[in-house]
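In: mind looking at a prediction? Sequence and model below.
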Amino acid sequence: MEIVVNLDVVMAMRKVSSKELAKAIGITEANLSLLKRGKVKGVRFETLAQICQYLDCQPGDILAYKADG
């Protein structure tokens with residue numbers, strides 16, 4: 001079981017750069033990169049809400065659950 005992060009796909013569809021998004025939501029590009037690669041143990045709802053607001057998307061557009069098998 002794993003959570004798949006599709007943030008890079010949504011960003012590409014919206015033509016938003018990492019630098020632009022990081023600045024808009026107030027996090028570092030390094031932290032955004034970790035989030036995009038799924039290398040974080042968690043994400044604050046406030047951060048997720050800011051990402052969704054900026055990208056005009058839903059949390060389910062960014063995060064997906066993948067079952068084993």
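Out: Ah, there it is. Note that the structure is a prediction, hence the values are computed from the model and not measured. Numbering: from 1, shown residues only.

In: and residue 40, how many neighbours?
Out: 11 (other C-beta atoms under 10 Å). (C-beta placed from N, C-alpha, C; glycine too.)

In: thought it was touching residue 34?
Out: Yes - between residue 40 and residue 34 there is a contact at 5.3 Å, judged by C-beta atoms under 8 Å.

In: for this protein, what spans make up the helices?
Out: 7-14, 18-25, 29-36, 45-55, 59-62 (DSSP state H).

In: neighbours around the residue lying closest to residue 50 once chain neighbours are set aside, how many?
Out: If you skip the residues right next to it in sequence, residue 50 has residue 25 as its closest partner in space, 4.1 Å away by C-beta to C-beta, 6 or more residues apart in numbering. Residues lying near residue 25 (other C-beta under 10 Å) number 19.

In: sheet partners, orientation included, of the helix or strand bottoming out on mean pLDDT in the chain?
Out: Here the helix or strand of the chain ranked lowest by mean pLDDT, DSSP states H and E is strand 2-5, holding a mean of 92. Strand 2-5 pairs in its sheet with strand 63-66 (antiparallel), by DSSP bridges.

In: now do the strand it pairs with, average pLDDT.
Out: For strand 63-66, mean pLDDT rounds to 94.
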